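Student: Provided below for reference: sequence and predicted model.
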Amino acid sequence: MSLDVGVIGVGMIGQDHIRRLTHVLSGARVVAVTDSDLDRARTVADDLPGATVHGSGQELIDDPAVAAVLVTSWGPTHEEYVLAAIAAGKQVFVEKPLATTREACERIIDAEVAAGRRLVQVGFMRRYDPQYRAMKAVVTSGEIGVPLVVHAAHRNASVPDHYTADMVINDTVVHDVDTTRWLLDDEIVAVTVLKPRVSGRAAPGFQDPLVVLLETASGVLVDVEASVNVAYGYDIRGEILGEQGTVELSESAGAVVKTAGRVAGRVPVDWRERFERAFDVEFQEWVNAVRVGGPTGPSSWDGYAATVVCDAGAASLASGSREAVVLRDKPDLYKDA
Ligand code: NAP
């Protein structure tokens, strides 16, 4: 039997996930949609035979035909819908962020712990990318020894005019925060944001690039260069130096052409191209897991930790100082994850 999914927020990524669930993956179908723009919701539903358009997210969650909920609305609305899904006892996949404040994330954790089982998965899709998974397998195998230093880069060709340095932390570097925690199986305990020379391509007053220094509990230092006006494409890099060797994130898949003494290959145009496979695997694994019990991917705890680290990053951006990250005690529900 397929997993019947209701989608809250059918903007850019909501529509892409609906396409994925409907045409690419197996075992799920979209049976209901809603959006603050109901005309947009109706247009999307026109391509989904039998799907219901609901007037609000709460109405969709209450619909008995909806077995699981996908939240792809604007970040500040996530808390309300995730809490409502937990209250209804329904599985919920929420795009990042889990919620936009530490307190909101804690309310979600408290509700899920009270429910006594995992109901929430957060959309940190890099954990499903084949290249990141290959890197994680090398670290876990012990082949490079104990990790010491991580170098990472997150480069976008360009960003919309309204993008700010705070958004670089919350919407861009948040992925590097999650991959750091996941690759190293370690919590981040401090953040320092450094401000290099400003790119002439950045909008006036916009500090771009940033270098974000993360410190982990076991003492690993992680430097993340975030540059969002590089013009040449979308470029995600990573290297972990261990005591006995190093592992690098391979360049994105694609042909490498060597002619006339030169090497050429494709640079992805944006994050959709670079992580398309990761999104597909992420959702197929979520559907498969939910159909047999519960989610196994990024948890409310992971969403909470990412938000708290990004808050410290935003504080460091403003203060120019090293900011400590203080997490609450980890509930047992998340200890095996
Ligand atoms: P978007 O294009 O603006 O879509 C959001 C949609 O939700 C819009 O249709 C919006 O309607 C609707 N909406 C807003 N408030 C709502 C509410 N209270 N109830 C129902 N619908 C509501 O944004 P997006 O780029 O798809 O991003 C959506 C989420 O996905 C964000 O949290 C974002 O961070 C996340 N995201 C994650 C990744 C990733 O790499 N994992 C990539 C992209 C986006 P209006 O336009 O009328 O406001």
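Tutor: Good, I have the coordinates. Fair warning: this is a prediction, and the values are worked out from it, not measured in the lab.

Student: Could you check the pLDDT of Glu251?
Tutor: On the pLDDT scale, Glu251 is placed at 73.

Student: got a pLDDT number for the closest residue to it other than its chain neighbours?
Tutor: Nearest non-adjacent residue to Glu251, counting by C-beta to C-beta, 6 or more residues apart in numbering: Gly265, 6.8 Å away. No exception for glycine: its C-beta is placed from N, CA and C like everyone else's. Residue-level confidence at Gly265 comes out at 89, pLDDT.

Student: so Gly265 sits right up against Ser250, yeah?
Tutor: No. Look at Gly265 against Ser250 with C-beta atoms under 8 Å: they stay out of range, at 11.4 Å.

Student: For the residue in the stretch 201-337 of the chain positioned nearest to the ligand, which non-adjacent residue is spatially closest?
Tutor: Minimum separation of the stretch 201-337 of the chain from the ligand (C-beta to the nearest ligand atom) falls at Trp271, amounting to 5.8 Å. Using C-beta to C-beta, 6+ apart and skipping the chain neighbours, the partner closest in space to Trp271 is Tyr234 (5.8 Å).

Student: Against Leu98, how distant is the residue in the stretch 101-250 of the chain that the ligand sits nearest to?
Tutor: Ranked by C-beta to the nearest ligand atom, the top residue of the stretch 101-250 of the chain for proximity to the ligand is Gly123, at 4.5 Å. Separation of Gly123 from Leu98 (C-beta to C-beta, to the nearest Å) stands at 9 Å.

Student: ok, the closest residue to Lys96 other than its chain neighbours - contacts?
Tutor: Excluding the flanking residues, the one nearest Lys96 by C-beta to C-beta, 6+ apart is Gly123, at 5.0 Å. Gly123 makes contact with 93-96, 282, 298 under the criterion C-beta atoms under 8 Å, 6 or more residues apart in numbering.

Student: Phi and psi next, for Gly123.
Tutor: phi -80, psi 60 (degrees, to the nearest 10).

Student: Next: His154.
Tutor: Torsion angles, degrees, to the nearest 10, at His154: phi -130, psi 110.

Student: On the strand side of things, show who it bridges to.
Tutor: Taking DSSP bridges as the rule, His154 bridges to Ala226, Ile236.

Student: I'd say it and Val230 touch.
Tutor: No. Look at His154 against Val230 with C-beta under 8 Å: they stay out of range, at 10.2 Å.

Student: For the stretch 151-300 of the chain, which segments are assigned as strands?
Tutor: Counting by DSSP state E, counting those that start in this stretch, the stretch 151-300 of the chain has these strands, from start to end: 188-194, 210-216, 221-227, 235-242, 246-248, 256-259, 262-265.

Student: could these be laid out in CSV, adding mean neighbour count?
Tutor: Formatted as CSV, those follow (neighbours: other C-beta atoms under 10 Å):
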stretch, mean neighbour count
strand 188-194, 21
strand 210-216, 21
strand 221-227, 21
strand 235-242, 19
strand 246-248, 17
strand 256-259, 9
strand 262-265, 9
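
Student: Near Gln244, how many other residues are there?
Tutor: For Gln244, the count of nearby residues is 10 (other C-beta atoms under 10 Å).

Student: Excluding covalently adjacent residues, which one is nearest to it?
Tutor: Going by C-beta to C-beta, 6+ apart, Gln244 has Gly145 as its nearest residue, at 3.5 Å.

Student: pretty sure that neighbour is touching Glu243, no?
Tutor: Yes. Counting by C-beta under 8 Å, Gly145 does reach Glu243; the two are 3.4 Å apart.

Student: In terms of neighbours, single out the busier of these two.
Tutor: A direct count of neighbours by other C-beta under 10 Å for Gly145 and Glu243 places Gly145 higher, at 13 against 10.

Student: contacting residues around that one?
Tutor: Shown in contact with Gly145 (C-beta under 8 Å, 6+ apart): 242-245.

Student: So which of those residues is the closest to Thr307?
Tutor: Of all those, Gly242 has the smallest distance to Thr307: 28.9 Å, by C-beta to C-beta.

Student: what sits opposite Tyr192 in the beta ladder?
Tutor: If you look again at residue 192, you'll see it is Thr, not Tyr. Applying DSSP bridges, one finds that Thr192 bridges with Leu213.

Student: For it, which residues are in contact?
Tutor: Thr192 neighbours (C-beta under 8 Å, 6+ apart): 212-213, 316, 321-323.

Student: Right, I'll leave it there.
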